[in-house]
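[1] Pasted the sequence and its predicted model underneath.
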Amino acid sequence: MPHNAQLIKHKPNYKLIYNKSAMYCTNFKIMEKLKTAQELIKANPNVMSGFNQFIHGSGEPKRGDYGDKSQWYAEQQGYDYAKKMAKENGIAFTHIFKCGKSESCFPFMYGGFMVCNACGNKSVDKDWWKIKVEKDGNAFCCHGLDFKDLQSSNNYAFGDTFEEAISNYESVMLALS
């Protein structure tokens with residue numbers, strides 16, 4: 001914030017900034033952030049780990065990847081709980097989408113980067129992969145975390161189901177890219 005401005009009012013997701021020297025107010029949109037298990041639940045570390053795996057877009061824990069069945073089970077419980085919260089409570093999470101319009105595009109984490117098996121690019125993840133899906137009447141609305149409203153934003157899509165809203169959002173965002 002500039003040295004000659006001060007925060008004078010706060011609304012959910014907005015800051016109203018007053019610039020003293022120019023004598024005007026400006027609304028700045030605060031982009032919603034992903035909240036982790038540490039902010040949303042109280043559980044053992046393995047459950048929280050599974051919860052965060054879902055929030056950050058990692059794949060579902062696979063039994064074969066764990067030597068300790070109890071660790072896998074706890075992480076699976078956390079993963080499932082985060083998925084349930086995303087569906088029922090509209091918590092924000094990362095969903096891995098295609099990086100392009102190719103049907104063979106399936107990005108995955110490799111060496112600390114999201115890479116694409118079709119185009120061979122690295123760091124293909126986008127800010128629009130961080131989403132929130134909310135119930136809107138009989139439908140679901142999937143939108144990016146910087147979504148403001150239906151009139152001024154173009155990063156949203158509706159669907160009859162949670163999954164359909166996400167799929168429609170992917171189509172919209174790929175068309176805009």
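    The structure has been received and is ready for your questions.
[2] for the closest residue to residue 54 other than its chain neighbours, helix, strand, or coil?
    In space, residue 54 comes closest to residue 82 once its chain neighbours are excluded; the distance is 3.8 Å by C-beta to C-beta, 6 or more residues apart in numbering. From N, CA and C alone the C-beta is placed, and that goes for glycine too. Secondary structure, DSSP: H, G, I helix; E, B strand; the rest coil: residue 82 is helix.
[3] Count the neighbours of residue 82 for me.
    For residue 82, the count of nearby residues is 25 (other C-beta atoms under 10 Å).
[4] Quick one: neighbours of residue 128, just the number.
    Residue 128: 20 neighbours (other C-beta under 10 Å).
[5] Please read the previous query as pertaining to residue 115.
    Neighbours around residue 115, by other C-beta under 10 Å: 18.
[6] gap between it and residue 124?
    Between residue 115 and residue 124 the distance is 7 Å, computed by C-beta to C-beta, to the nearest Å.
[7] Now for those two: what residues contact both?
    residue 107 (C-beta atoms under 8 Å, 6 or more residues apart in numbering).
[8] quick one, helices of this structure?
    Along the chain, counting by DSSP state H, helices occupy 37-40, 45-55, 69-89, 162-176.
[9] Redo those as CSV? Include distance to residue 103 and mean pLDDT.
    Converted to CSV, the helices of the chain look like this (distance: least, C-beta to C-beta, whole Å; pLDDT from 0 to 100):
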stretch, distance to residue 103, mean pLDDT
helix 37-40, 34, 94
helix 45-55, 25, 96
helix 69-89, 25, 96
helix 162-176, 12, 95
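[10] mind checking how far the residue nearest the centre of the chain is from residue 118?
    Nearest residue to the geometric centre of the chain (C-alpha atoms, centre = their mean): residue 130, 2.5 Å. Separation of residue 130 from residue 118 (C-beta to C-beta) stands at 22 Å.
[11] hang on, the residue nearest to the centre of the chain packs against residue 55?
    No - the criterion here is C-beta atoms under 8 Å, and residue 130 misses it with residue 55 at 9.5 Å.
[12] Now do the shared contacts for the two.
    With C-beta under 8 Å, 6+ apart, residue 130 and residue 55 have common neighbours 34, 92-94.
[13] For those, which entry has the maximal number of neighbours?
    Within the shared contacts of residue 130 and residue 55, most neighbours by other C-beta under 10 Å means residue 93, with 21 neighbours.
[14] so what's that residue up against?
    34, 54-57, 82, 86, 130-132.
[15] got JSON lines for those, with distance to residue 75 too?
    Below are those laid out as JSON lines (distance: C-beta to C-beta, whole Å):
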{"residue": "34", "distance to residue 75": "18"}
{"residue": "54", "distance to residue 75": "10"}
{"residue": "55", "distance to residue 75": "13"}
{"residue": "56", "distance to residue 75": "13"}
{"residue": "57", "distance to residue 75": "15"}
{"residue": "82", "distance to residue 75": "11"}
{"residue": "86", "distance to residue 75": "17"}
{"residue": "130", "distance to residue 75": "22"}
{"residue": "131", "distance to residue 75": "22"}
{"residue": "132", "distance to residue 75": "23"}
